[in-house]
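[1] sequence unknown, structure follows:
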C-alpha cells in the first residue's frame, strides 16, 4: 500500500502543479480585468503569474530550457486561466474562499518543489530556501510589477511569503532526513493550513513604523555617555581592588 502511494505521488504533485498554474493564470487575469487590459494584457499577466517563478528558478539553476517551455501543458493551462478570468469575474464569496485554499495548497507545493530541485542540483540550504521562496512568490511579484503595482508580498497584506518559507524549511529538513516524499506532503499541507489561518486571523508582519526607535539624537548620546561612564567605573573599581591586594 505504501509503495502504491509513493508511486502515485509524482502524478498527484503534477496535478497540484498544473492546478497552481491554472489558479495563478486566473489571478493574473483577474488583475488584468481590474486594470481594464485587453486580451494581450490578460495573457501576459496570466503567463507571468503562473510560470514566472518556476522559470526564474530554472534559469538560476541552469536548467535550460525551463520546464514551462518544454511541456506544452503549462502554457496551455496558464492561457486557460486567462480565458476563465476574461469570461467570469469570480468575485463571489465561495469563489474567493476556494481561491485562497487552493492558493495555499499550491504555495506549499511550489515552495517545496523549488527547494527540492535546488538541493538535488547540489546547492546548500540557504539557496534552497531562497529558490523555494522564489518559486512560490516570484510569479506574483513579476505580475504585480508588470501591472504597475507594488508586489503584494512586500508587506501590508496577509502572510504569503512566510507560509512559503515555512514550507521550504519543512522540505529541506525532510530531505536532509531522507524523506523527500514525506516532505512534499507536509510542505503542501503546511502551506494550505498556514495560508488559510493567516487569512482567517488577518495575520500580517509588523511594518517599519511599528519597530522604529523613538529616540532623539540627544537621547542616544546620553545613553552612550552613561554606558561609557559605567564601563569606566568598572575599570576603576577593578584597579582599586588589585591595588588593595597584598603582595604574595
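    Cool, the structure landed. Being a predicted model, the structure only gives us computed values, none of them experimental.
[2] Give the other helices and strands that the helix or strand encompassing residue 136 contacts.
    Assigned by DSSP states H and E, residue 136 falls within helix 125-146. Contacts defined by 3 or more Cβ pairs under 8 Å, 6 or more residues apart in numbering; DSSP states H and E place helix 125-146 against helix 2-34, helix 39-61, helix 93-120, helix 161-176. Any C-beta I mention is one placed from the backbone N, CA and C, and that applies to glycine too.
[3] try it again with 6 Å
    On a contact count with 3 or more Cβ pairs under 6 Å, 6 or more residues apart in numbering; DSSP states H and E, helix 125-146 meets helix 39-61, helix 93-120, helix 161-176.
[4] domains of the protein?
    Domain ranges of the chain: 2-208, 214-244, per automatic domain parsing.
[5] Heading C-terminal from the lowest-mean-pLDDT helix or strand in the chain, find the next helix or strand.
    Within the chain, no helix or strand scores below helix 208-211, which has a mean of 56 by mean pLDDT, DSSP states H and E. Counting by DSSP H and E, the next helix or strand C-terminal to helix 208-211 is helix 217-244.
[6] mind listing what's buried in that next one?
    By 16 or more other Cβ atoms under 10 Å, helix 217-244 has no buried positions at all.
[7] Model confidence score at residue 236, please.
    Confidence at residue 236, expressed as pLDDT, is 77.
[8] Tell me, how many residues neighbour the nearest residue to residue 135 once chain neighbours are set aside?
    Excluding the flanking residues, the one nearest residue 135 by Cβ to Cβ, 6 or more residues apart in numbering is residue 114, at 3.0 Å. Neighbours of residue 114 under the rule other Cβ atoms under 10 Å: 31.
[9] contact partners of stretch 114-129?
    For stretch 114-129, the surrounding residues in contact (Cβ atoms under 6 Å, 6 or more residues apart in numbering) are 57, 61, 131-132, 135, 168, 171-172, 175.
[10] Compare those and tell me which is most surrounded.
    Among the contacts of stretch 114-129, the one with the most neighbours (other Cβ under 10 Å) is residue 168, at 33 neighbours.
[11] Return the residues in contact with the residue nearest the centre of the chain.
    Nearest to the mean C-alpha position of the chain, by Cα atoms, centre = their mean, lies residue 161 at 3.2 Å. Residues near residue 161 by Cβ under 6 Å, 6+ apart: 137, 153.
[12] 7 Å - rerun?
    By Cβ atoms under 7 Å, 6 or more residues apart in numbering, the contact set of residue 161 is 133, 137, 153.
[13] Please report how far the first one lies from residue 77.
    Here the distance between residue 133 and residue 77 works out to 23 Å (Cβ to Cβ, to the nearest Å).
[14] repeat for the second one
    Relative to residue 77, residue 137 is positioned 19 Å away (criterion: Cβ to Cβ).
[15] And for residue 167?
    22 Å.
[16] Same list, the contacts of stretch 114-129, but as TSV with pLDDT please.
    Shown next, in TSV, are these (pLDDT from 0 to 100):
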residue	pLDDT
57	94
61	93
131	96
132	96
135	95
168	96
171	96
172	97
175	95
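[17] Make CSV out of those residues and add distance to residue 35.
    Formatted as CSV, the contacts of stretch 114-129 follow (distance: Cβ to Cβ, whole Å):
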residue, distance to residue 35
57, 27
61, 32
131, 29
132, 30
135, 25
168, 31
171, 35
172, 37
175, 40
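[18] Closest one of those to residue 36?
    Checking those against residue 36 by Cβ to Cβ gives residue 135 as the nearest, at 30.2 Å.
[19] can you pull the contacts of the closest one?
    53-54, 57, 110-111, 113-114.
[20] Reformat those residues as JSON lines; add distance to residue 66.
    Formatted as JSON lines, these follow (distance: Cβ to Cβ, whole Å):
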{"residue": "53", "distance to residue 66": "11"}
{"residue": "54", "distance to residue 66": "7"}
{"residue": "57", "distance to residue 66": "8"}
{"residue": "110", "distance to residue 66": "14"}
{"residue": "111", "distance to residue 66": "18"}
{"residue": "113", "distance to residue 66": "13"}
{"residue": "114", "distance to residue 66": "13"}
